[in-house]
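Student: Generate coordinates for the sequence data below:
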Amino acid sequence: MSDSEDGEGRADDEATSGLEKDEDGPRTSRVRVGGMDIVVLSVPLPELQYPEGTSAAEQQIIDLVLQGLTVKEIAEQRGVSLRTVTTQLGAIFRKAGVNSQAELISMMTDGAPSRR
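Tutor: Residues are numbered from 1 along each chain as shown. As a prediction, this is how the structure comes out:
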């Protein structure tokens with residue numbers, strides 16, 4: 001019996017045993033959950049480049065839009081009115097050179113440089 005097996009022939013619960021590790025690229029790890037081996041793929045995401053001139057509050061709204069929240073959910077989470085969020089979204093759209101949340105998401109996730 002090898003060191004990686006217990007008396008029942010199961011692999012130890014070592015998270016990354018024998019799997020690729022790369023600090024700059026995708027990584028895989030293995031975990032045992034409920035007696036099943038699960039392989040997890042971790043992919044580093046590029047750092048977001050917010051549109052030039054956006055405030056901290058506007059950047060927070062961008063983050064929430066990227067998480068898929070609606071304007072109503074953003075307002076509730078931030079404790080502000082719908083009007084405040086829509087006004088801030090309008091400012092974000094102008095600074096980013098887009099006309100919708102879909103365009104904003106596309107711009108932010110495609111890694112396109114921010115527009116003025």
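
Student: ok so residue 30 is a helix residue?
Tutor: No: assessed with DSSP: H, G, I helix; E, B strand; the rest coil, residue 30 is strand; it does not lie in a helix.

Student: my guess is it meets residue 36, correct?
Tutor: No: at 10.6 Å, residue 30 does not count as touching residue 36 under the criterion of C-beta atoms under 8 Å. For glycine as for every other residue, the C-beta is placed from the backbone atoms N, C-alpha and C.

Student: Compare the two and say which is more crowded by neighbours.
Tutor: residue 30 (16 against 7; other C-beta atoms under 10 Å).

Student: Look up how far residue 40 lies from that one.
Tutor: Per C-beta to C-beta, to the nearest Å, residue 30 is found 8 Å from residue 40.

Student: What of residue 94?
Tutor: 40 Å.

Student: what comes up buried for the longest helix seen in the chain?
Tutor: Across the chain, the longest stretch assigned as helix under DSSP state H is helix 82-96. Residues of helix 82-96 classed as buried: 85, 88-89, 91-93, 95-96 (neighbour count, 16 or more other C-beta atoms under 10 Å).

Student: Helices along the chain, start to end?
Tutor: 56-66, 71-78, 82-96, 101-109.

Student: Give me the angle between the last one and helix 56-66.
Tutor: Going back to what we said before, that points to helix 101-109. 100 degrees (axes from the mean of the first three to the mean of the last three C-alpha atoms, to 10 degrees).

Student: Adding distance to residue 52 and pLDDT, write the buried residues of helix 82-96 out as a markdown table.
Tutor: Below are the buried residues of helix 82-96 laid out as a markdown table (distance: C-beta to C-beta, whole Å; pLDDT from 0 to 100):
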| residue | distance to residue 52 | pLDDT |
| --- | --- | --- |
| 85 | 21 | 97 |
| 88 | 16 | 97 |
| 89 | 17 | 97 |
| 91 | 12 | 97 |
| 92 | 11 | 97 |
| 93 | 14 | 97 |
| 95 | 7 | 96 |
| 96 | 9 | 95 |
